[in-house]
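S.K.: coords below, sequence missing:
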């Protein structure tokens, strides 16, 4: 595979004969480095084509180097060579490209090695983090949201606890405030109770946009088994947590501080991660606002 026409001339063949010989070329198989070059360097390289399509949606696109190498290695294992690159990328990109036109909250999409090797969905980077409000039914979440926003009826309140059965999302301009369903209310059916538990758990465990948790606890009540279960989930995720002790107006200043310390000790959370609030008197509401803004300011770019 290294013979050239000049070699044949030096061997003694006349030029007229050399020009009539068929040309046979021996090709070496493309290795991973060569396939990665094909993915990124040609003018119409596949990755450049995808970048252009994402620009039409005003969304950034990043292929991590390990992801490109994983694409190349998969093409080699399949014996498909360069022809197999498009099929592999299409398999990864089809779903996200279908979803993008219907979304306005995506800033960037990142293709990682795991997208290729483990068939995980691409990382979706959104511009705004989420802060969730978490607590037992009847702990006063809706009332506190209204006090936080300075609006009486932003979140609907009810005399019957456990009315919130969905995640209510409030647009706070630079972040989303997510009101999770209250947990621990005994009058829901067992099936509905389990469904709410799964909803809350899945949100806390898997939601990558979650930047911090405001956990509401009633100053009059010791932590329940449900509260302790939530504490374990939060500890595993290691999210920033602020405990908002609600209904502080039910006790005098000294007594409510004593109660708040007892609650924090029972949960194993430092007392400086606690703010005592009252939606009726406004105590602690401004501290709550500043703490939430601190969560938002120190949150990394969010990913799904």
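M.R.: Everything's here; your move. Values in this document were obtained by computation on a predicted structure and should not be read as measured data.

S.K.: low-scoring pLDDT stretches of the chain, where are they?
M.R.: 1, 24-26, 153, 155-165, 185-193, 195, 300-304 (pLDDT under 70).

S.K.: all strands for it, in order.
M.R.: 60-63, 108-111, 123-126, 130-135, 168-171, 176-179, 210-218, 241-246, 274-276, 302-303 (DSSP state E).

S.K.: how about the ones you listed in a markdown table, adding distance to residue 225 and mean neighbour count?
M.R.: All C-beta spots, glycine's among them, are computed from the backbone N, C-alpha and C. Shown next, in a markdown table, are the strands of the chain (distance: least, Cβ to Cβ, whole Å; neighbours: other Cβ atoms under 10 Å):
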| stretch | distance to residue 225 | mean neighbour count |
| --- | --- | --- |
| strand 60-63 | 44 | 18 |
| strand 108-111 | 40 | 21 |
| strand 123-126 | 34 | 20 |
| strand 130-135 | 15 | 24 |
| strand 168-171 | 26 | 14 |
| strand 176-179 | 23 | 20 |
| strand 210-218 | 14 | 23 |
| strand 241-246 | 17 | 23 |
| strand 274-276 | 21 | 21 |
| strand 302-303 | 32 | 18 |
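
S.K.: Quick one: these as JSON lines, columns for distance to residue 228 too.
M.R.: Listed next are the strands of the chain as JSON lines, based on distance: least, Cβ to Cβ, whole Å:
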{"stretch": "strand 60-63", "distance to residue 228": "41"}
{"stretch": "strand 108-111", "distance to residue 228": "36"}
{"stretch": "strand 123-126", "distance to residue 228": "32"}
{"stretch": "strand 130-135", "distance to residue 228": "14"}
{"stretch": "strand 168-171", "distance to residue 228": "25"}
{"stretch": "strand 176-179", "distance to residue 228": "22"}
{"stretch": "strand 210-218", "distance to residue 228": "12"}
{"stretch": "strand 241-246", "distance to residue 228": "14"}
{"stretch": "strand 274-276", "distance to residue 228": "17"}
{"stretch": "strand 302-303", "distance to residue 228": "28"}
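
S.K.: among these, which is nearest residue 20?
M.R.: Nearest of those to residue 20, taken as Cβ to Cβ: strand 60-63 at 47.7 Å.

S.K.: nearest residue to residue 5 other than its sequence neighbours?
M.R.: residue 18 (5.4 Å; Cβ to Cβ, 6 or more residues apart in numbering).

S.K.: what about the one you found, how many residues close to it?
M.R.: Residue 18 is flanked by 14 other residues according to other Cβ atoms under 10 Å.
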